[in-house]
Structures are given as structure tokens and as C-alpha cells.
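Novice: Using only what follows, build the 3D model:
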Amino acid sequence: MFATRFLSSVGWWSKNQKRFMTTSKRVQDRSKLKRVHDLEIVTEKWKIASKVLFLMELLKKEPEMIIPVRSLDKFRAQISLPKPHRMSDFIRKSPKLFELYRDRRGVLWCGMTEQAEELVEEEDRLLEQHQDKAAEYVTRFLMMSVDKRLRVDKIAHYRRDFALPNDFRTTWVHKYPQHFRLVRDNEDIEYLELVTWNPAWAITELEKKTMGVTDASAHTPGLLSLSFPLKFPPNYKKRVYKYRGALDHFQKRSYLSPYADARGLKAGSKEFDKRAVAIMHELLSFTVEKRLVTDHLTHFRQELVMPQKLMRLFLKHFGIFYVSERGKRFSVFLTEAYEGSELIEKCPSVIWKEKVQSLIGYRGKKKIETFTDMSEMEDSGLYRSNSESESDSEEESIHLEDNSQTENSEMEIDEVFGAYEDSKTS
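Specialist: Next up, the predicted model:
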């Protein structure tokens, strides 16, 4: 299949060819007791998979799903493959997914195997089936915002996290006019704006889980008095007992629903902070893997009425959230969603990713299956650490970044230090 496609498209191609990593201490190193090894493995095992998924998506966009290997050099940053390591060596690590072929002129081409192409088709079907649910989550996201609208380029950061289709910005945003519409401001910036408020969707995932509320056509969001599920590592139990009084006080405190108007809340108040926890809990519940990149969350501080120091919030509420610093960016997990290193409830998109993961590795006996194997490969430099290259590649492919967003796009390490110190004294 690949060879046939290769020969038919070489002529077409010939005619038509036209964030800083800090060196300071890591978050979890500063508190060994707070390190959750199982969740670190979750981040680790997707480092390589995200790079492979990015390459599959690149090939999918090509007319015949093949590309000269030399043309992949411009994507080294997204794949995190530093020179002098060769792109062809990276591709050869996954022979069940990619094939290499040299033409008569000696040009090396890359394409997908038949098995990989079947996986791409399967993903398209899954995204199609998930569209209505994705529309619900995006609508609820808008419902949580102060002005009931959000910038499209900011939402696009979460395309993979919400399992949105590849045509999210061009076609999908117009498919649900009953829920939202695309508008432009005076500076020609695109926004997704809420069209209809749905009371039944103004019920948090926590309300559904703890109170069994699933249908409330006349529901009005207001004050809630719900406890958040907590999960701590076994070696942290003594400290949990020590701070039990403070935890109980926090859990019993009433807070405003993420879907209620929060403009009257005083920033820095206890009610303000607990509502922020509720918003993060709700957003993480929408995602397929129950985790997000923290610096993307900072883009929504104003729209969602959130604290300036989001990292401080996550570190302070360790037990509800867990922060992993592996890679260039910090990731935050919803701890209740995991049992060990496994998601308790796996949606079809997660199961699909696991299929891809199982096909990544070496020929023969050597396979990349364990945390240790992948770590050794990173030490060699072939798979350079970048836990969120998946998100980076999305930004590159659809040109999300602009100067207004990148200024504060990454968490400053001084902020992390300060947040950690504050969390110890809180």
C-alpha cells in the first residue's frame, strides 16, 4: 500500500513542494512525600506516544499520507528530537506504525503502515461519535465564563484534551448553532459565544456523582456544600492526619457553583479559592485523560475569575490535584480519576491511544513498554523529554500562539517556589 502510494505521489510532491526549560529544582523533588510515582509514570509513558501521534497527524494531512524525511526536519522542536540525532532513526523505532522508502534519486520517504492507517481511520470514527459530547463540554466551558464567550484560539489549546475534531476551528464551530456561534471583535479576534443557556448542563460533575443529580431543567446554580474526593500517597497519611482539622474545615465550607455569576466574589477570600478549586475540578472532569497543561489554564484566569497564582492553588490542594513537572511544562491531574497509574474510567479515545502506545517500540525482543525503558531512551537523547509535545504540536499546526498569549504562557519557576512554600504554611 505504501509503495504504491509513494510511486503515485512523488511527481505531485516535486511540482507542489513549496518555551525555555528551567534548570532549577523540580516541584516534586522539593517534597518527596508528595511524589506520586504512579502518576509520574502516566506522564512518562505518553512522552514518546505524543511525538508519534504528532507524526501520524502530519502524515494524515499529506495528499497521499507520505512525506520526504528531510521535510520533517522543521518539526524537530515539536518531536523534541535534537541534532545530531536523525529523524530516520526516530521513525525506525516504530516499524509497526511507519515505513521508510527510498526513491530512484535516493530521497528517503516516510509513510504509515496499513495498521497505522487503520488506526487513523478508527480515530476519525471515534471523534465523529464523540462530537455531541464535545459540544456539551465546550458549551459548559462557555457557561462557566464571565462574559459567556471565550477566544477560539484559547479553546483550541484543548482540542486533544476534549477530543475535538481536526477541523475544530474551520468547520466544527459552526455545527452547533443552537449552543454557540463564532463572532469577531473590533480587532478581528475570533470568539466562541454562548447562544442558549442550558440549565441541565449547569450541574457540576461532582453534583452528579455525589448527589445523583442528572436532570434539572429548571436548575439554578448557586451555593454548594460538597466535599471533594481526596487521594494521598500511602507515605503521606501521617501528615494528612496532622492537618485533618484544616481539611475538614475546607471540605465543609460552602462555595459558589462554577456556573454561577462570580463577579461579586472578593479575590483571595476562602470562598473565592474554593470556587476556583471547583472550576478546575470541573474542567479536568471534561478531559479524556483527566489532566491538563497548567500554563494553558493561565490563559483563562480572567474569563473564569481565577486566582493569579494557579500553581499555588494546585499545590495547596494536593490530594484533589497532583502536579507533575516531567517535560517542559507542568501537568495537573485529577487524582480521584486514577487508580495507581490507570484511569478508572477510560473513554474510547484513551483506549485508542493505548493501542498506538502498544505499537511503539523496537523490532524483535526489545520494546518500549516500561517506565525504565523509556527513561533510558531519553537519557540517550533520542527521545528528549517533552511531556506536552502533543499540545505544542497542536499550536504549531494551527498557529495558535500570538504575542499577547505567550508573555505569561509558562509558569515562572519563582512562582512555583513561592507557591510551594505558601502551601506548606497554609
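Novice: Quick one: list the elements packing against the lengthiest helix in the chain.
Specialist: Ranked by residue count and defined by DSSP state H, the top helix of the chain is helix 114-144. Packing contacts for helix 114-144, counted by 3 or more C-beta pairs under 8 Å, 6 or more residues apart in numbering; DSSP states H and E, involve helix 37-61, strand 149-151, strand 180-184, strand 190-194, helix 270-286, helix 348-358. Quick note: C-beta positions are derived from backbone N, CA and C, even for glycine.
Novice: relative to strand 190-194, how tilted is it?
Specialist: For helix 114-144 against strand 190-194, the angle by axes from the mean of the first three to the mean of the last three C-alpha atoms, to 10 degrees is 60 degrees.
Novice: residues of helix 114-144 that come out buried?
Specialist: 116-117, 119, 123, 127, 130, 134-144 (16 or more other C-beta atoms under 10 Å).
Novice: follow-up on the earlier one: of the helices and strands packed on helix 114-144, which is nearest residue 109?
Specialist: helix 37-61 (10.5 Å; C-beta to C-beta).
Novice: what's the weakest-modelled helix or strand in this structure?
Specialist: helix 403-406 (a mean of 34; mean pLDDT, DSSP states H and E).
Novice: Could you give the number of residues near the nearest residue to residue 233 once chain neighbours are set aside?
Specialist: In space, and not counting its chain neighbours, residue 233 is closest to residue 36: 5.2 Å by C-beta to C-beta, 6 or more residues apart in numbering. Look at residue 36: counted by other C-beta atoms under 10 Å, it has 22 neighbours.
Novice: Model confidence for residue 36, exactly?
Specialist: What the model reports for residue 36 is a pLDDT of 83.
Novice: One more: the one 10 residues further on?
Specialist: Taken from the predicted model, the pLDDT recorded for residue 46 is 75.
Novice: count of neighbours near it?
Specialist: 24.
Novice: Touching, the residue nearest to residue 233 and residue 323? I think so.
Specialist: No - Residue 36 is not in contact with residue 323 according to C-beta atoms under 8 Å; the separation is 9.7 Å.
Novice: Strands of this protein, residue ranges please.
Specialist: Using DSSP state E, the strands found in the chain span residues 66-68, 98-102, 108-112, 149-151, 180-184, 190-194, 223-224, 255-256, 291-293, 321-324, 331-334, 338-339, 342-343.
Novice: Including mean pLDDT, distance to residue 309 and mean neighbour count, could those go into TSV?
Specialist: Below are the strands of the chain laid out as TSV (pLDDT from 0 to 100; distance: least, C-beta to C-beta, whole Å; neighbours: other C-beta atoms under 10 Å):
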stretch	mean pLDDT	distance to residue 309	mean neighbour count
strand 66-68	93	43	18
strand 98-102	93	43	17
strand 108-112	94	44	22
strand 149-151	95	22	20
strand 180-184	95	30	15
strand 190-194	96	26	19
strand 223-224	89	23	14
strand 255-256	92	18	22
strand 291-293	89	17	24
strand 321-324	90	13	24
strand 331-334	92	14	24
strand 338-339	94	25	15
strand 342-343	94	29	15
